[in-house]
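Undergrad: pasting the sequence and the predicted coordinates here, then a few questions.
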Amino acid sequence: MPGPFSDVERSIFAAKEALSEDYQPDRILERDDEIEEYRHALEDVLFGRTPQNIMLYGRAGLGKTAVTTYMMDALREEVATRPDADELFVHEVNCNGQTVYSVVRTLVNKLLPETASDFPKRGLSTADVFEELYTQLDRRGGTHLVVFDEIDHLDDVDTLLYELPRARSIGHITDSKVGVIGISNNYTFRQDLSPKVKDTLMEAEISFSPYDAGELRAILADRADRAFVDGVCDESAVARAAAIAAKDRGNARQAIDLLRVGGEVAKKHGDSRVDDDHIIEAQELVQRGRLRNRIRDQTQHAQLLLETLAHLENRDETPARSKTIKTRYVSIADSHIVDPLTTLKSIQNHLSDLHMLGFLRRIDRNRGESGGRYYEYSLDLDPEIVLDIRSEIEAEREP
DNA sequence: GATCCACAGGAAATAGTGGCTT
DNA sequence: AAGCCACTATTTCCTGTGGATC
């Protein structure tokens, strides 16, 4: 008599969205200082003055994007009631994996009238796309706040951040105002900027510090309240997730992931409550998921090199120097019917990248006249997991 | 102390794709 | 069609580097 869905009512989630990555909370917890600074920096907009440029710093998962979305919504509402304020436009652009040209291009496309066709993907110079941006800004008029998320992923940020904040003073635009809001996961980003850019852009800098365990617990308790059926989530689970994340990097996203996966684990086991054992089990799953995404982001050759290193690791042939890695890599590339890279240099480039990303461990060797100087690499991950993930990825692309 | 090995690391050149303007 | 342009991923070329060896 019981059908396949008969025990669905026992589900422990009430509103799982509250634990998803793109959930936007309607109130922001534990970021009062940052919000206050933010508010101050945005005040000019309310009086129709040129907005300040704002930079946000802080690791991933510290609420930079959430606070920004929150602030922009609030600002939009407030502007509507203020007679002095110009019409406000907020544009968000994610810079991950983009170039200056493509970022400005997406901006232009957002400003273009509905009927117009998109700005060309290629074929035009960066100056052209900026020119189009300015005419579109002036056509719209008003105040524009441009949010560049993950701005540190952009190479050649200088051009972008030099051009845009100055557009008005140089006379590229006259009927509109532009403010730049940059979001960076990288603290050293500031040092990479040219001095010219630094002083214009750095009118307001807000840095987000890691959450401590107490703050995380408050955030998690709030989310757990919404996400889980009442009373299902143990306080110990919240405390455990907060503790793990606080010890790692004070990352709220990580903590929330732990809670969500912990809930899934409990559900899979058929348990009616979520406790800290579930969170501990979730920790490994979350870590593995992270690693899979990071590996997936790598180019094919880099992935093949990771696979090569995993094999070498299994045979106890690590640490290995680039030459031996290369010969193994070639045969592995062949087995996947991929054209291998031909030069040693390109292998070394990839190895060096992978080392910088924390996938590989590297030893500096110097045997003087009888061996010279070279590096030896070994895998800084569990080889079995790497091989597993690799075959998962490989299986996805075949069928 | 000069020399030398076998790379490391950076810059520039090359190749290849796609697509614009004139 | 010619001449640019953006962008990516190599390859080629060049200039260190630093301890062992002479």
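TA: Thanks, I have the structure now. Keep in mind the model is a prediction, meaning the values are calculated, not measured.

Undergrad: state the helix or strand in which the closest residue to A:Ala204 other than its chain neighbours lies.
TA: Closest residue in space to A:Ala204, ignoring its immediate chain neighbours: A:Ala41 at 3.8 Å, by CB to CB, 6 or more residues apart in numbering. Where you see a C-beta, it was placed from the backbone N, CA and C, and this is true even at glycine. Assigned by DSSP states H and E, A:Ala41 belongs to helix A:32-46.

Undergrad: correct me, but A:Asp198 touches A:Arg190?
TA: Careful, residue A:198 is Lys and not Asp. Yes. Counting by CB atoms under 8 Å, A:Arg190 is a contact partner of A:Lys198 at 7.2 Å.

Undergrad: that older thread, name the residues of the helix holding A:Ala41 that are buried.
TA: When burial is assessed from 16 or more other CB atoms under 10 Å, helix A:32-46 yields the following buried residues: A:Glu34, A:Ile35, A:Glu37, A:Tyr38, A:Ala41, A:Leu42, A:Asp44, A:Val45, A:Leu46.

Undergrad: max pairwise distance over the residues you listed: which two?
TA: Pairwise distances across those peak at 19.2 Å for A:Glu34 and A:Leu46 (criterion: CB to CB).

Undergrad: can you give me the pLDDT of the closest residue to DNA strand C within chain A?
TA: Chain A approaches DNA strand C most closely through A:Gly368 (1.9 Å), counting by CB to the nearest atom of the strand. A:Gly368 carries a pLDDT value of 90.

Undergrad: ok, now how distant is it from A:Tyr374?
TA: 12 Å (CB to CB, to the nearest Å).

Undergrad: more neighbours, these two?
TA: A:Tyr374 (14 against 7; other CB atoms under 10 Å).

Undergrad: show me which residues of chain A sit near DNA strand C.
TA: Contact residues (CB under 7 Å from any atom of the strand) of chain A with DNA strand C: A:97, A:99-102, A:122-127, A:299, A:301, A:341-343, A:345-346, A:349, A:366-370, A:372-373.

Undergrad: is there a quick ChimeraX command that grabs whichever of these are buried?
TA: Listed next is the ChimeraX selection for buried residues among the residues of chain A next to DNA strand C, using 16+ other CB under 10 Å:
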select /A:100,101,102,126,301,341
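
Undergrad: name all residues that make contact with A:Lys64.
TA: A:Leu56, A:Gly58, A:Ile183, A:Phe208 (CB atoms under 8 Å, 6 or more residues apart in numbering).

Undergrad: let's see if you can find the most crowded of those residues.
TA: Neighbour-wise, these (other CB under 10 Å) top out at A:Leu56, 26 neighbours.

Undergrad: my reading is that that residue lies in a strand. Confirm?
TA: Yes. Per DSSP: H, G, I helix; E, B strand; the rest coil, A:Leu56 lies within a strand segment.

Undergrad: show me the beta-bridge partners of it.
TA: Assessed by DSSP bridges, A:Leu56 has beta-bridge partners A:Ile183, A:Ile206.

Undergrad: tell me where the model's unsure across the stretch 201-350 of chain A.
TA: Of all residues in the stretch 201-350 of chain A, those with pLDDT under 70 make up the ranges A:201.

Undergrad: try 90 this time
TA: Along the stretch 201-350 of chain A, the model assigns pLDDT under 90 to residues A:201-203, A:230-231, A:270-272, A:297, A:318, A:337-338.

Undergrad: taking it, what residue is nearest to DNA strand B?
TA: The minimum distance from the stretch 201-350 of chain A to DNA strand B, using CB to the nearest atom of the strand, falls at A:Gln348 (3.9 Å).

Undergrad: need the residues that contact whichever strand or helix holds that residue.
TA: Using DSSP H and E, A:Gln348 maps to helix A:344-356. Applying CB under 8 Å, 6+ apart, the contact partners of helix A:344-356 are A:298-299, A:301-302, A:305-306, A:322-323, A:325-326, A:329, A:341, A:360-362, A:375, A:377.

Undergrad: can you do 7 Å?
TA: A:301-302, A:305-306, A:322-323, A:325-326, A:329, A:341, A:360, A:362, A:377 (CB atoms under 7 Å, 6 or more residues apart in numbering).

Undergrad: take these and keep only those in strands.
TA: A:Leu360, A:Arg362, A:Tyr377 (DSSP state E).

Undergrad: so which of these wins on neighbours?
TA: Result: A:Tyr377 is most packed of the ones in strands among the contacts of helix A:344-356 (other CB under 10 Å), 26 neighbours.

Undergrad: that residue contacts A:Asp364, correct?
TA: No. Using CB atoms under 7 Å, A:Tyr377 is not in contact with A:Asp364; the gap is 11.0 Å.

Undergrad: what segments of the stretch 51-200 of chain A are helices?
TA: Assigned by DSSP state H, counting those that start in this stretch, the helices in the stretch 51-200 of chain A fall at A:64-81, A:100-111, A:126-140, A:157-170, A:189-192, A:195-201.

Undergrad: elements contacting the biggest helix by length in chain A?
TA: Looking across chain A with DSSP state H, the single longest helix is helix A:276-296. Judged by 3 or more CB pairs under 7 Å, 6 or more residues apart in numbering; DSSP states H and E, the packing partners of helix A:276-296 are helix A:235-248, helix A:252-269, helix A:383-397.

Undergrad: kindly reformat these as JSON lines containing distance to A:Ala227.
TA: Output for the helices and strands packed on helix A:276-296, formatted as JSON lines (distance: least, CB to CB, whole Å):
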{"stretch": "helix A:235-248", "distance to A:Ala227": "11"}
{"stretch": "helix A:252-269", "distance to A:Ala227": "7"}
{"stretch": "helix A:383-397", "distance to A:Ala227": "28"}
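
Undergrad: show residues contacting the helix holding A:Ala41.
TA: By CB under 7 Å, 6+ apart, the residues outside helix A:32-46 that reach it are A:28, A:50-52, A:54, A:67, A:71, A:75, A:78-79, A:82, A:84-85, A:88, A:143, A:204, A:206, A:208.

Undergrad: one more: stretch A:158-174?
TA: A:50, A:53, A:100, A:103, A:126, A:130, A:134, A:137-138, A:154, A:177-178, A:180, A:193-194, A:196-197, A:200-201.
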